[in-house]
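Asker: Let me see the structure of the following:
(chains A and B)
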Amino acid sequence: NAGVTQTPKFRVLKTGQSMTLLCAQDMNHEYMYWYRQDPGMGLRLIHYSVGEGTTAKGEVPDGYNVSRLKKQNFLLGLESAAPSQTSVYFCASRRRQETQYFGPGTRLLVL
Amino acid sequence: SQQGEEDPQALSIQEGENATMNCSYKTSINNLQWYRQNSGRGLVHLILIRSNEREKHSGRLRVTLDTSKKSSSLLITASRAADTASYFCATDLDRGSTLGRLYFGRGTQLTVWP
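Answerer: Numbers count the residues shown, from 1 in each chain, chains lettered A, B, ... in the order given. This next block holds a predicted model:
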């Protein structure tokens, strides 16, 4: 099993550009998550999904959109990137009441 | 906020010593989880303890849960330099509008000196 994978690993954007981060898991997990982590900070939940076709907002959803069209994939979109969105983005997945598995992270720099 | 809060924020010890980190939370939980994060890497799961359990062990790790005090502790025995990392607790309420969410604390930064 590959576990949780994220694409891309690193990206540089200019302010106003858009991009999509892809998360994939091969563990048949119902729940999937997108977090961001800034230097010296803990994780902040952006959006999450408890099943295919469902999404919900986390703590910091503004400026991001998500889609879960397939159970194994969870996409995070930035429609118009801002420097404040410079961060490391982590995807994660799990089964209900079970442990969470994290991807390796995507480093995003917005200039 | 339900967010687990770790204490202390930072801990610095010598190799061979024990390290204890605490986590407190506010409302009843289904389970509590501990994670480790090495610098620049993703979080790695350490131990999950359910609300009906009081203690769990995994190698040099021991986790306790006191639901009456709404607190948990992570003990790392005989620490090594390789244990240097940030440690996070996360609470799973598994009910109502919180279904699916894990609430992470800000973490404890552990530094183990050789």
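Asker: Enumerate the residues of chain B near chain A.
Answerer: B:30-31, B:33, B:35, B:41-45, B:48, B:50, B:88, B:90, B:92, B:94, B:99-102, B:104-107 (CB under 8 Å from any CB of the partner chain). For glycine as for every other residue, the C-beta is placed from the backbone atoms N, C-alpha and C.
Asker: quick one, what contacts the residue nearest to the spatial centre of chain A?
Answerer: The residue lying closest to the centre of chain A (CA atoms, centre = their mean) is A:Trp34, at 3.0 Å. Neighbouring residues of A:Trp34 by CB atoms under 8 Å, 6 or more residues apart in numbering or on different chains: A:21, A:23, A:45-48, A:58, A:64, A:66, A:74, A:76, A:89-91.
Asker: Now do the SS call for it.
Answerer: Under DSSP: H, G, I helix; E, B strand; the rest coil, A:Trp34 falls in the strand class.
Asker: Contacts only, for the residue nearest to A:Leu45 when sequence neighbours are not counted.
Answerer: Residue nearest to A:Leu45 in three dimensions, not counting chain neighbours: A:Gly58, with 3.1 Å by CB to CB, 6 or more residues apart in numbering or on different chains. Going by CB under 8 Å, 6+ apart, A:Gly58 touches A:Tyr33, A:Trp34, A:Tyr35, A:Arg44, A:Leu45, A:Ile46, A:His47, A:Tyr48, B:Arg101.
Asker: Give the bridge partners for residue 75, please.
Answerer: With no chain named, the answer covers chain A. Beta-bridge pairing of A:Leu75, defined through DSSP bridges, involves A:Leu22, A:Ser67.
Asker: try chain B instead
Answerer: Bridge pairing for B:Leu75 (DSSP bridges) gives the partners B:Thr20, B:Arg62.
Asker: got a list of what it touches?
Answerer: Taking CB under 8 Å, 6+ apart, we find B:Leu75 in contact with B:Asn18, B:Ala19, B:Thr20, B:Leu61, B:Arg62, B:Val63, B:Thr64.
Asker: Go again with 10 Å.
Answerer: The contact partners of B:Leu75, taken as CB atoms under 10 Å, 6 or more residues apart in numbering or on different chains, are B:Asn18, B:Ala19, B:Thr20, B:Met21, B:Glu55, B:His57, B:Arg60, B:Leu61, B:Arg62, B:Val63, B:Thr64.
Asker: need the contact list for residue 62.
Answerer: No chain in the question, so chain A it is. So A:Asp62 contacts A:Ile46, A:Ser84, A:Gln85 (CB under 10 Å, 6+ apart).
Asker: think we crossed wires, I meant chain B
Answerer: Residues near B:Arg62 by CB under 10 Å, 6+ apart: B:Asn18, B:Thr20, B:Ile47, B:Glu55, B:Lys56, B:Ser73, B:Leu74, B:Leu75, B:Ile76, B:Thr77.
Asker: that older thread, please list only the buried members of the contacts of B:Leu75.
Answerer: B:Ala19, B:Thr20, B:Met21, B:Leu61, B:Arg62, B:Val63, B:Thr64 (16 or more other CB atoms under 10 Å in any protein chain shown).
Asker: Lovely, talk soon.
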